[in-house]
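In: with the input below, show me the fold.
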Amino acid sequence: MTKLSVNINKIATLRNARGGNIPDVLRAAIDCQAFGAEGITVHPRPDERHIRYQDVRDIRPGITTEFNIEGYPSESFLDLVIEVKPHQVTFVPDPPGVLTSNNGWNTVENVDFLKKIIGRMHDHGIRTSIFVNAEPVMIEGAARTGTDRIELYTEPYAANYYKDREEAVKPFAEASQIARQFGLGLNAGHDLNLDNLRYFKDQMTDLLEVSIGHALIADALYFGLQNTIKMYLRELYSY
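Out: Numbering: from 1, shown residues only. This is a model prediction of the structure:
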């Protein structure tokens, strides 16, 4: 069964646009769980333009499902992860200032660096995942880092879904098989939505988790948060 982890960054973006505490990010995290989400994802960035480091600290005690923290492995980020001890940390190669994550790790060039930080997380009992493109060489490189899982960067699939979904999903389906061969757990995320999620999931081998934020929160403006989460779960469970 593929778990749905809701990324709540966009809720924090809305709060930060006005100041104060509306909408309440902590309440949103707790509500997402109550509405059926099987995980909560946050991605704090150095400028704290959405999720703040203090949000991560405040949210952690209220998470009864799975807590996943994404981010670039700066020293301050690593210290935060060790302090908070999420169930999973997902390392993303986005430097400060980028609008959104837009590429996976070059696991060949960064293998030593990734080994080091992954080992550090394992010393604290934290499961690791690294953000990668659906490229065999990068998945093989990920296996050499000692990571527990990879998260496939799915924007190329989403961008080409309406043109030719069979061609769009093919490298991802192959990547899922390669990940299995190397004993890597498989996550996925970026631009997955109500239109393309079910087809993607059905083509994957052993897809453990999808992390969805922007599309889900946008849909919630029309359908309501509780109903939207149920809609995404229906796509994953195909009922």
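
In: avg pLDDT for stretch 23-31?
Out: The average of the pLDDT scores along stretch 23-31 is 97.

In: typo on my end, it should be stretch 137-154
Out: 98.

In: and the end-to-end length of it?
Out: In stretch 137-154, first residue to last residue: 17 Å (Cα to Cα, to the nearest Å).

In: can you list the buried residues in it?
Out: Of the residues in stretch 137-154, those scored as buried under the neighbour-count criterion (16 or more other Cβ atoms under 10 Å) are 138-143, 145, 147-154. Using the backbone N, CA and C atoms, a C-beta is placed for each residue, glycine as well.

In: how far off centre is that stretch?
Out: Put simply, stretch 137-154 sits 14 Å off its chain's centre (Cα atoms, centre = their mean, to the nearest Å).

In: nearest residue to the middle of this protein?
Out: A centroid search over the chain (Cα atoms, centre = their mean) returns residue 211, at 4.0 Å, as the residue closest to the centre.

In: secondary structure element for that one?
Out: In this assignment (DSSP states H and E), residue 211 forms part of strand 207-212.

In: again with residue 177
Out: Here residue 177, judged by DSSP H and E, is contained in helix 165-181.

In: so what does the next helix or strand after that helix touch, helix or strand wise?
Out: The first helix or strand that comes after helix 165-181 along the chain, using DSSP H and E, is strand 185-189. Applying 3 or more Cβ pairs under 8 Å, 6 or more residues apart in numbering; DSSP states H and E, we find strand 185-189 packed against strand 149-153, helix 165-181, strand 207-212.

In: about what we covered before: okay, the residue nearest to the centre of the chain: pLDDT?
Out: 98.

In: ranges for the strands of the protein?
Out: In the chain, the strands defined using DSSP state E lie at 3-7, 39-42, 66-71, 88-91, 127-132, 149-153, 185-189, 207-212.

In: and the helices and strands packed on strand 185-189: which comes nearest residue 103?
Out: Distance to residue 103, taken as Cβ to Cβ, is lowest for strand 149-153 among these, at 6.8 Å.

In: burial count for the nearest residue in space to the residue nearest to the centre of the chain that is not next to it in sequence?
Out: Sequence neighbours aside, residue 189 is the residue nearest to residue 211 in space, at 3.7 Å (criterion: Cβ to Cβ, 6 or more residues apart in numbering). Residue 189 sits with 25 neighbouring residues when counted by other Cβ atoms under 10 Å.

In: what residues does stretch 165-180 touch?
Out: Outside stretch 165-180, the residues within contact range by Cβ atoms under 8 Å, 6 or more residues apart in numbering are 134-136, 139-140, 150, 152, 154, 156-157, 159-161, 185-186, 188, 196, 199-200, 203-207.
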